[in-house]
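A.B. asks: Below is the sequence, then the predicted model.
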Amino acid sequence: MSHDTLPRRPLDAPEAGVTAATAHRRRHWTRRPNPLAGLGSVIWLVVVIIPIYAMISTSLTRQDESLGNALDPPKHPTLDNYNTVLHSGFGHLLANTVTVAAAVVAIVLVLCVPLAYVAVRTRSFWSGAAFRMFLLGVAIPAQAVVVPLYLMIAKLNLYDSLLAVILPTAAFAMPVSTLILTGTLRDISEELYEAMALDGASPTRMLFQLVIPMSKGGISTVVVYSALQAWNGFLFPLIFTQSDGPRVLTLGLFNYVSEFGVNIPALLASVVLSGIPIFAVYLVARRALVGGLMGVGGK
Amino acid sequence: MSSTVSTGTKGRPGQGVRAGRPHAAWALPGVLFFAFFAIAPMALAFYLSFTSWNGLGDPEPAGLANWRKLFNDPRLTQSITVTVLLTVVSWTFQTVISLLLGVWAAGRQRNRAVLSAIFFTPFLLSSTAIALLFYSLLDPNFGIIRGDTFGSTSGAFLAIVFVGGWQFIPFHTLIYQGGARQIPEVLYQAAAIDGAGRYRQFFSITLPQLRNTATTSSVLMIVGSLTYFETVLILTQGGPGTDTAILPYLMYEAGFKSYDFGYASAIASFLVVAATALSLLLVRLTGFGAMRSTREGM
């Protein structure tokens, strides 16, 4: 039934046409098929899928057959390329990356939760100033400070260690994390704080019994965000590490280019392998991940 | 029970309310950590731009030499042009597609869960992995598109724009999807009753309602495109020639390839100024600075 042909009625009239629309409790613009949007989404689907398909199919191709068209399915599918990658220290790279990600998440949470708590609850000049510093920090690109950081890391004797990657990565994940957390904390109602204050609760008790439980959504977004930052980090590892010991996954991938040379199937197998852990996390925690990131747009 | 307590949002200086508030010093560890690893290096970058330093030993004072060199370097003008052009083209490409996809995905398509999962996949790969993937797929001897993509300026430029979009459109689609979900359903019902068609609804309701979402997404895109470093390093190495050498790449080459860290710091200082301008814009445009609840007005 199309609305266009219905006579206009006042909103409160309990007539069939209007109530049918509300009774469905579905969005109006999706009730009818939207061929143009459908077509657009299919086109983008193809744009997304073709490279992924080519990557997986090539990673299963024998190297001597790999100079054909990347879109041809492998004639003799093989897992040899994966074997090659797994036997060239992939596990070590993965372990380093997981260590970096876990440490970054821990540092960010320990530092940013109290920060956001103060920014929302304390009305003093200094807490306002601190909050504004993080606002300005959002747009500082890591590239702008990598040279002085290189000097500092060297003077601190941290060069070529995992800490040299962890500390700056955590610092640069802090501004956005603080913004996300203050956004969540502002939604906790004043009455809840007052009720706890009446019971004589200290700020510390409020942090653990009210703020943290009530801001689980924001906290999980921050966990995902800072873990992704650590997982994707490339510049800090590239510049602050050198040897095999503290090498992380992204840098390992980059080095595979020279290591494998023209062995594109092995290179792509390493790219696939690097995506599998985070894809596994995605499958398990899809709702938290997507929901948290979606919330960014709601502000 | 609690009706005797004032529910005013401004904290009263009264003892009872004060007692429930954390001391500002709680923020100190975070502030110091961030200041040490992010703010202090910015100041240090300005200092280093007046020195000559090859990465070993200590920086030596060099006066204005680096800045003189910078402003006489034809690569600087070219690099700023490329950076701005890359930002503008990427913003347009990504905004149009993620806005349309996001609004579409906010509805209740039958296979939405499966489709969203596929749409989202590129976001699960790191920038490095994605750059390597397209480095392979655009290989002249092997790739999907034969021919020397990276040999021509426009080819290399468009490859960077496309790869950036391929990676980040899923994220921005998600942001727009979240924004579109929050548009009150009543607006569409009222518009439908008034006889507004789908496209009229899109332009008169959806677009205006997504104003704040678009600001957030755009700022993230613009700041993000300053950091296309991995993509440029892996795909084009700034080439052909220096045609795709965005500012961060120019800085990287000066510092970590030519070991001219004083000069690299001058370029970095330039980046700091641009970034500060951008973040001031962010504060102004998004209202992040205002102490507002995200649920206000819903």
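C.D. replies: Received, thanks.

A.B. asks: alpha carbons only for contacts and neighbour counts from here, please
C.D. replies: Fine.

A.B. asks: distance between the helix ranked longest in chain A and the chain's centre?
C.D. replies: Longest helix in chain A by number of residues (criterion: DSSP state H): helix A:90-121. How far helix A:90-121 lies from its chain's middle: 13 Å, per C-alpha atoms, centre = their mean, to the nearest Å.

A.B. asks: low pLDDT regions in chain B?
C.D. replies: For chain B, the stretches with pLDDT under 70 are B:1-20, B:108-113, B:143-144, B:146, B:279, B:282-283, B:286-298.

A.B. asks: can you tell me which helix in it is longest?
C.D. replies: Taking DSSP H as the criterion, chain B has its longest helix at helix B:74-106.

A.B. asks: distance of residue A:235 from chain B?
C.D. replies: For residue A:235, the distance to chain B equals 8 Å [C-alpha to the nearest C-alpha, to the nearest Å].

A.B. asks: Residue A:208 too?
C.D. replies: Residue A:208 is 12 Å from chain B, where distance means C-alpha to the nearest C-alpha.

A.B. asks: Phi first, then psi, for that residue.
C.D. replies: phi -80, psi -30 (degrees, to the nearest 10).

A.B. asks: Repeat that for the one 4 residues further on.
C.D. replies: For residue A:212, the backbone dihedrals are phi -70, psi -50 (criterion: degrees, to the nearest 10).

A.B. asks: same check, this time on residue B:52
C.D. replies: Residue B:52 adopts backbone torsions of phi -120, psi 130, taken as degrees, to the nearest 10.

A.B. asks: Okay, and the beta partners of it?
C.D. replies: residue B:60 (DSSP bridges).

A.B. asks: That one: neighbouring residues, count only.
C.D. replies: If you count neighbours by other C-alpha atoms under 10 Å in any protein chain shown, residue B:52 ends up with 20.

A.B. asks: OK, contacts around it?
C.D. replies: Residue B:52 sits next to B:59-62, B:260-263 when contact means C-alpha atoms under 8 Å, 6 or more residues apart in numbering or on different chains.

A.B. asks: after the longest helix of chain B, next one along is what?
C.D. replies: Later in the chain than helix B:74-106, the nearest helix or strand by DSSP states H and E is helix B:112-120.

A.B. asks: buried stuff in that next one?
C.D. replies: B:116, B:119-120 (16 or more other C-alpha atoms under 10 Å in any protein chain shown).

A.B. asks: what's the answer for stretch A:215-227, then?
C.D. replies: A:215, A:217-227.

A.B. asks: among those, which are in reach of chain B?
C.D. replies: Among the buried residues of stretch A:215-227, not one lies near chain B by C-alpha under 8 Å from any C-alpha of the partner chain.

A.B. asks: Dump these into CSV; add pLDDT and secondary structure as well.
C.D. replies: As requested, the buried residues of stretch A:215-227 are exported to CSV (pLDDT from 0 to 100; DSSP: H, G, I helix; E, B strand; the rest coil):
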residue, pLDDT, secondary structure
A:215, 85, coil
A:217, 80, helix
A:218, 84, helix
A:219, 89, helix
A:220, 84, helix
A:221, 81, helix
A:222, 88, helix
A:223, 88, helix
A:224, 83, helix
A:225, 82, helix
A:226, 90, helix
A:227, 89, helix
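
A.B. asks: Could you single out the nearest of the residues you listed to residue B:48?
C.D. replies: residue A:226 (29.7 Å; C-alpha to C-alpha).

A.B. asks: and that closest one, what does it touch?
C.D. replies: With contact set as C-alpha under 8 Å, 6+ apart, residue A:226 has these partners: A:101, A:104-105, A:108, A:170, A:173, A:177.

A.B. asks: let's see 7 Å
C.D. replies: Going by C-alpha atoms under 7 Å, 6 or more residues apart in numbering or on different chains, residue A:226 touches A:104-105, A:173.

A.B. asks: hang on, the earlier thing: for chain A, state which of the buried residues of helix B:112-120 is nearest.
C.D. replies: Ranked by distance to chain A (C-alpha to the nearest C-alpha), those are led by residue B:119 at 6.6 Å.

A.B. asks: ok, which stretches of the stretch 101-250 of chain A are helices?
C.D. replies: Here the stretch 101-250 of chain A has its helices, by DSSP state H, counting those that start in this stretch, at A:125-137, A:142-155, A:162-185, A:190-198, A:203-206, A:212-214, A:216-232, A:235-240, A:249-260.

A.B. asks: Compute the inter-axis angle for the second one and helix A:162-185.
C.D. replies: Note on geometry: by axes from the mean of the first three to the mean of the last three C-alpha atoms, to 10 degrees, helix A:142-155 and helix A:162-185 are set 130 degrees apart in direction.

A.B. asks: Kindly provide the whole-number mean pLDDT of helix A:142-155.
C.D. replies: The pLDDT scores in helix A:142-155 average 91.

A.B. asks: cool, the third one as well?
C.D. replies: Helix A:162-185 comes out with an average pLDDT of 92.

A.B. asks: Using PDB, list the CA coordinates for it.
C.D. replies: C-alpha atoms of helix A:162-185 as PDB (Å, rounded to 0.1, in the frame of the first residue of the first chain):
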ATOM      1  CA  LEU A 162      59.000  -3.600  23.000                       C
ATOM      2  CA  LEU A 163      58.600  -0.800  25.500                       C
ATOM      3  CA  ALA A 164      59.800   1.700  22.800                       C
ATOM      4  CA  VAL A 165      56.700   0.700  20.900                       C
ATOM      5  CA  ILE A 166      54.300   0.300  23.800                       C
ATOM      6  CA  LEU A 167      54.800   3.700  25.500                       C
ATOM      7  CA  PRO A 168      54.300   6.100  22.600                       C
ATOM      8  CA  THR A 169      51.500   3.900  21.100                       C
ATOM      9  CA  ALA A 170      49.600   4.100  24.400                       C
ATOM     10  CA  ALA A 171      50.200   7.900  24.600                       C
ATOM     11  CA  PHE A 172      48.700   8.400  21.200                       C
ATOM     12  CA  ALA A 173      45.700   6.300  21.900                       C
ATOM     13  CA  MET A 174      44.800   8.400  24.900                       C
ATOM     14  CA  PRO A 175      43.100  11.500  23.400                       C
ATOM     15  CA  VAL A 176      40.400   9.600  21.600                       C
ATOM     16  CA  SER A 177      40.000   7.200  24.500                       C
ATOM     17  CA  THR A 178      39.500  10.100  26.900                       C
ATOM     18  CA  LEU A 179      36.900  11.600  24.600                       C
ATOM     19  CA  ILE A 180      35.000   8.300  24.300                       C
ATOM     20  CA  LEU A 181      35.100   7.800  28.100                       C
ATOM     21  CA  THR A 182      34.000  11.300  29.000                       C
ATOM     22  CA  GLY A 183      31.100  10.900  26.500                       C
ATOM     23  CA  THR A 184      30.000   7.800  28.400                       C
ATOM     24  CA  LEU A 185      30.600   9.100  31.900                       C
END
